[in-house]
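[1] please work out how this folds:
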Amino acid sequence: MTGRGLRGRRQARLMIVAAVAPGVVVALLLMTAPQVIGPLGGESSLGIAILACGFGLYGTGLLWMIRIYRTDPEGHHSFFRSLGF
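    Model prediction:
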């Protein structure tokens, strides 16, 4: 892999860290929230479903980013490479 490829992999790692950090911060904020007030807006199952959907889509996006990062960039046979240019 060339220097440009290594630089791209380093940037991809930083992007994954930048995507994980807000999730960790939100999880910490939810765990340390005061419980004496009660849930805002009452016991709404719609609010819980929206939160669960949001966290699920966030996790799916992170897994997709990691899957793309781990693929072999030279693993496919490109058409223009096989022509002998």
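
[2] now do the same for the one helix or strand residue 56 maps to: mean pLDDT, whole number.
    Assigned by DSSP states H and E, residue 56 falls within helix 45-70. Helix 45-70 carries an average pLDDT of 85.

[3] check which helices and strands that helix is in contact with.
    helix 3-31 (3 or more Cβ pairs under 8 Å, 6 or more residues apart in numbering; DSSP states H and E). Bear in mind the C-beta positions are built from the backbone N, C-alpha and C, glycine included.

[4] the helix it packs on vs helix 45-70, what angle?
    160 degrees (axes from the mean of the first three to the mean of the last three Cα atoms, to 10 degrees).

[5] chain center to helix 3-31: distance?
    Here the centre of helix 3-31 is set off from its chain's centre by 8 Å, with Cα atoms, centre = their mean, to the nearest Å.

[6] show me what it is packed against.
    If you count contacts as 3+ Cβ pairs under 8 Å, 6+ apart, helix 3-31 packs onto helix 45-70.

[7] and the helix it packs on, what's buried?
    With burial defined by 16 or more other Cβ atoms under 10 Å, not one residue of helix 45-70 is counted as buried.

[8] if I look at the spatially most central residue of the chain, how far off is residue 7?
    Nearest to the mean C-alpha position of the chain, counting by Cα atoms, centre = their mean, stands residue 62 at 2.3 Å. Separation of residue 62 from residue 7 (Cβ to Cβ, to the nearest Å): 22 Å.

[9] what residues does the residue nearest to the centre of the chain make contact with?
    Neighbour list for residue 62: 16, 19-20, 23 [criterion: Cβ atoms under 8 Å, 6 or more residues apart in numbering].

[10] make it 7 Å
    Residue 62 is in contact with 19-20, counting by Cβ atoms under 7 Å, 6 or more residues apart in numbering.

[11] from residue 14, how far off is it?
    14 Å.

[12] for residue 58, same thing?
    Distance of residue 58 to residue 14, given as Cβ to Cβ: 18 Å.

[13] cool, residue 30 as well?
    25 Å.

[14] go on, residue 59?
    Taking Cβ to Cβ, one finds residue 59 at 20 Å from residue 14.

[15] do residue 28 as well
    21 Å.
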